[in-house]
Each structure stands twice: as C-alpha cells, then as structure tokens.
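> please find the sequence and the predicted model below.
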Amino acid sequence: MAIIPVSTVNNEFKPFATNQKKVTNPIFAEKQPNIDNKMSSNALSAYFKGGMAVSFGGYDCSTGNFITKEIDDVPCCCCGGKMVLNKNIGTKAREFSALKGQELADKIRNNQDYFRCTQRLIANLIADEAEQNPDYDMGKAIQSFTPETLKQKTLDYCVKNLNAIDKVAKQATGDEKNPISALVASEIEKVQSGKTERVEFTEKLAMYEGLVKHEDYDKMLESAMNIPESYKDVKQIYGYAYGKALKVAKELIRPSMQTIEHIHPKSQGGPNNTENYIAECYNCNNPRGHMSYHEWLKVHPEYPINAQKHIEWFQQQIVDGKIDERYDTYPIEVKATLSKESDGRMELKVLNPERIKELREAKQAGQDVDIKAELEKEENKQEEVA
C-alpha cells in the first residue's frame, strides 16, 4: 500500500522497520545505527515522556535549517494561512501600505491568507473604510475607528460569519430548524449583547459534526475561525497596529511569520529533528507553548484539516523537485509523530517514499502529477480491498 498507516498496538508507538533507509544529516553525514524494534520502542516511549532526547528518524538540524525556511507562502499546518519569511515581512507590508482607497480594499480582500484571525478582522474593517474613502491608506483607515465604532463593527463582523454558518447548516440539513442553526441563533444573541467566546462556540459546534457532510462542516468551521477568541484580542491588536500605514501593515502581517513547530515541545524534551518539525506561523506556534494537542485542538479545531493540506503541499513540492530527496521520508515520519502526540486525533494521509520517488520521476518525464488525486486513488484502492 502506498498510504502509510500509523502503527499502534495497545496505544504503544511502534517504530518503522529498522531496515528502512534513513535520511542522514546533510551537513554531517552520519550512518544511522541499527537498533532492534524493542529497544527503539523503549527509546521512543522514553522520549515522548520527556525522559530522553533521541533521534529516531529524519535528521538533526536547527529549526532555521529546516527546508521550509527557504520557501515563502508556505501554508501554516494549524490555521492554514500563508506564511511569510521573516526577511520578507517588510516587503510584503509595503505592498499594502503603498495603496489607498479601492486599490487597498481589493488588495486586502484578495490576500486574506496573509492575515490571521483577529488581524484579518481588522484588515477587513480597514478595507471597508478605504472603499468608502479614496484617500484612506491603512493608517488613516484605522485611525477613523473610535472605541465604540470598533466594537460595533467587530460584533457585526462576528454576526456575519455566524450567519454564514447558519446558511450552510440549513442547506446541508434541509431543515430550517436544525440544531446547528439553533446553536448559531443562541450565539448571535450573545454576540449582540457584547460577548464573543469562539472556543466555547466551536466546542459546541463539534457536537453536531456528524449531522452534515465533511465538506459542509469544514465550511462552517472556516467561518467560525474568522471569529476572534474575544473582543479583548481585537482591542489589543488595534492598539498595536494604530499608527501610520507601514506600521499598521507590519503589525497585521507579522503574525504570519513562518516558524518551525516542535510537535513534541522542546521544553519537554522534544528534539531538534526533522521528524519532530512542522511549519507553523508565529501566531499559532507562540500561544501553544507546551500545551498538549488535546487542549490545543480546542483552540484550533481546524488543525487536522490544515495539517492534511500542509502535508499534501509538502509532498507536492517534493514531487515537483522544489524540496529535495532528503525529505522523501518526512511525510511518513511527521505523520507518526503527530499521531502519537495527538493520541490519534490527527491521522495524516501520506504517500510512502517509494511512491513519491515514482511520481517525481513521472513529473520529470513531463507528466502532470497531483498529490491530492494520488492520495484519493490510494484511499479508493484500500477501500476496495477492505
């Protein structure tokens, strides 16, 4: 089979076969020692308990040398937004700060992926103001908000996204009085009274996930994640961003800066190893700290969806020759690490290194290769066998 399942027995992590080819450190090419499965399993168990730092796959490197730190616009594994390399934040910010009026509004609306949740809310409010005032740049637009208008516009924005959820729920269930719509109506009442509690709302929304198709639930979750965790967050970001156009643009884009997440937290013994890395924006990485995925998925319930999109993007880059062969085993390695750390809540669909190599050769021969389509083919094959 080309899709690699995570191997678990009695909730105990089982490492890959010891005869699997390992990826060596590109700077210091060391031969990986062979260890029997029992010893490897014990070492991994100790590692995940924070008892020892071991390298059980991939290769050791600093976060700054991980391959995605050479690539702009990488999709965040958590929120799904595009990430900007630190060195390019100023350049990206100037693309927005140089514009006014309708041009600025269009630029913001066509580049939503560069803004994180609360920053995106403020950026869209700026777009509304700029559209109505041709001489407004980002600085003038944000300075036009009073504390009262900012709060009201924020609440209206939240209601807009809640109404989007309601619309999908009614279409998906064919029932005007479905429980999701009832939940949304209750949340709208809260918002209109001045309260925004996104995490509590998404936890309740998850109770009804089974009522609709996956794609419909994903749409509803996407709208829900446009709602800020609280109005306090909006006021804080507004305070940081208040100023001239370039300062505003930098503050709104900076949270999209690419970082490398230690899946098993470094503070708990997680190694600086590619198998323990995944690309994540600063806005997602920094707040998590050493929080467990059990808790973090309450804050970012969309993580499993975006982690799958991220790993599909990663595999596509390998096949297209934009990420080199050292990372052929990375997808199956990070799949196993995420599965272990999330207690099975995140099970990525990935292709094995042999299939990735075949597809890369096909691409080099001039064939079109779509990783998402390839994964669907492999999944259908497994279903037929079952």
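Yep, that arrived. Numbers count the residues shown, from 1 in each chain.

> list phi and psi for residue 302.
Main-chain torsions, residue 302, degrees, to the nearest 10: phi -80, psi 0.

> tell me the contacts of it?
78-80, 218, 221-222, 225 (C-beta atoms under 8 Å, 6 or more residues apart in numbering). (C-beta placed from N, C-alpha, C; glycine too.)

> which pLDDT does the model give it?
As summarised for this prediction, residue 302 has a pLDDT of 95.

> how close does it sit to residue 280?
Between residue 302 and residue 280 the distance, using C-beta to C-beta, to the nearest Å, works out to 13 Å.

> poorly predicted segments of the stretch 1-150 of the chain, please.
In the predicted model of the stretch 1-150 of the chain, residues 1-56 satisfy pLDDT under 70.

> go again using 80 as the cut-off
Applying pLDDT under 80 to the stretch 1-150 of the chain flags residues 1-57.

> report how many residues lie close to residue 178.
By the other C-beta atoms under 10 Å criterion, the neighbourhood of residue 178 contains 18 residues.

> and the residue lying closest to it once chain neighbours are set aside, what element?
In this structure, residue 178 finds its nearest non-sequential neighbour in residue 169, 5.6 Å apart by C-beta to C-beta, 6 or more residues apart in numbering. Under DSSP states H and E, the secondary-structure element containing residue 169 is helix 147-173.

> buried sites along that helix?
Within helix 147-173, the residues that count as buried by 16 or more other C-beta atoms under 10 Å are 150, 153-155, 157-159, 161-162, 164-166, 168-170, 172-173.

> how much space between residue 209 and residue 159?
From residue 209 across to residue 159, the span is 23 Å (C-beta to C-beta).

> list the contacts of residue 123.
With contacts defined as C-beta under 8 Å, 6+ apart, the neighbours of residue 123 are 108, 112, 115, 252.

> what about 10 Å?
The contact partners of residue 123, taken as C-beta atoms under 10 Å, 6 or more residues apart in numbering, are 96, 104, 107-109, 111-112, 114-116, 138, 141-142, 241, 248-249, 252-253.

> so it is in which element?
Secondary structure assignment for residue 123, by DSSP H and E: helix 117-132.

> and that helix, what's buried?
Using 16+ other C-beta under 10 Å as the test for burial, helix 117-132 gives 117-127, 129-131.

> so which of these is the closest to residue 202?
The shortest approach to residue 202 among the buried residues of helix 117-132 belongs to residue 117, at 11.9 Å (C-beta to C-beta).

> one step back: and the pLDDT at the residue nearest to residue 178?
The confidence metric pLDDT takes the value 98 at residue 169.

> how far away is it from residue 207?
To residue 207, residue 169 is 13 Å away according to C-beta to C-beta.

> what residues are shared contacts of the two?
179-180, 183.

> can you put these in a markdown table and add secondary structure?
Below are the shared contacts of residue 169 and residue 207 laid out as a markdown table (DSSP: H, G, I helix; E, B strand; the rest coil):
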| residue | secondary structure |
| --- | --- |
| 179 | helix |
| 180 | helix |
| 183 | helix |
